[in-house]
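Asks: Here you go, sequence then predicted model.
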Amino acid sequence: MKYLVVSDNHGDRQVLVDLFAHYQGKVDYIIHCGDSELPGDDELWEQAYVVTGNCDYDSKYKKNRVIDTGEDRIYVTHGHLSDVRFGITQLGLEAQAANASIVLFGHTHQIGCEKVGSRLFLNPGSISQPRGPIQIKSYAIIDSQPDAYYVQYYSRDFQPVPELAFVFKKKVIRNL
């Protein structure tokens with residue numbers, strides 16, 4: 001199962017049009033982690049799961065979402081309401097309550113990817129306004145396989161960033 005994860009385009013609609021067109025038929029889910037600054041009923045959202053960010057003022061957006069793909073249970077939020085600037089503790093509690101295996105968020109505009117316990121936490125960075133030490137306009141693709149999560153970050157021009165590729169083993173329980 002392949003998930004395209006993007007966030008924080010801040011009004012740049014064209015980058016999403018290009019991104020969605022490029023990956024049409026190549027990924028199973030497109031997930032936007034907020035701060036699009038687009039109307040909640042924009043036709044782009046017909047092909048994506050989206051949540052509200054602190055710069056999204058349309059009441060049509062949800063604060064968070066749980067997506068059950070059959071392979072994974074994904075918790076999506078922007079992160080501003082979970083205080084992600086101060087760590088992922090609150091976000092982890094929300095993910096635990098949702099029984100999520102993958103946790104997706106934005107808000108900080110900084111690339112971040114780690115596995116805590118059995119959960120994968122991922123921030124795709126910002127497709128338009130990167131912050132922090134990694135100054136790449138970015139998005140991520142998670143390839144969820146039975147044994148592991150394969151994460152690859154990409155630059156805005158669809159090029160993989162080789163040093164931003166990660167593999168996280170899934171917890172495998174075997175009956176003896």
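Replies: Sure, I can see it.

Asks: Send over whichever strand or helix holds residue 5 as PDB, restricted to the C-alpha atoms.
Replies: Residue 5 belongs to strand 2-6 when assigned by DSSP states H and E. Taking Å, rounded to 0.1, in the frame of the first residue of the first chain, the C-alpha atoms of strand 2-6 are listed here in PDB:
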ATOM      1  CA  LYS A   2       1.500   3.400  -1.000                       C
ATOM      2  CA  TYR A   3       0.600   6.600   0.700                       C
ATOM      3  CA  LEU A   4       1.600  10.000  -0.600                       C
ATOM      4  CA  VAL A   5       1.900  12.500   2.200                       C
ATOM      5  CA  VAL A   6       2.100  16.300   1.700                       C
END
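
Asks: list the buried ones in that strand?
Replies: Across strand 2-6, burial judged by 16 or more other Cβ atoms under 10 Å covers 3, 4, 5, 6. (Glycine included, C-beta is placed from N, CA and C.)

Asks: Next: stretch 147-166.
Replies: 148, 149, 151, 152, 153, 154, 156, 164, 166.

Asks: Please enumerate residues in contact with it?
Replies: 15, 22, 102, 111, 113, 115, 120, 122, 124-125, 127-128, 134, 136-144, 167-170, 172 (Cβ atoms under 8 Å, 6 or more residues apart in numbering).

Asks: same thing with stretch 78-87?
Replies: By Cβ under 8 Å, 6+ apart, stretch 78-87 touches 7, 33-35, 51-54, 56, 63, 88, 90-91, 94, 105-108, 123.

Asks: Centre of the chain to the lengthiest helix in the chain, how far?
Replies: Identified as the longest helix of the chain according to DSSP state H is helix 13-23. Relative to the chain's own centre, helix 13-23 is displaced by 15 Å; criterion: Cα atoms, centre = their mean, to the nearest Å.

Asks: The protein: helices as residue ranges?
Replies: Under the criterion DSSP H, the chain contains helices at 13-23, 89-97.

Asks: Using TSV, lay out the ones you listed together with mean neighbour count, mean pLDDT and distance to residue 39.
Replies: Converted to TSV, the helices of the chain look like this (neighbours: other Cβ atoms under 10 Å; pLDDT from 0 to 100; distance: least, Cβ to Cβ, whole Å):
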stretch	mean neighbour count	mean pLDDT	distance to residue 39
helix 13-23	15	98	10
helix 89-97	16	96	26
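
Asks: With distance to residue 82 added, can I get these in CSV?
Replies: Formatted as CSV, the helices of the chain follow (distance: least, Cβ to Cβ, whole Å):
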stretch, distance to residue 82
helix 13-23, 23
helix 89-97, 4
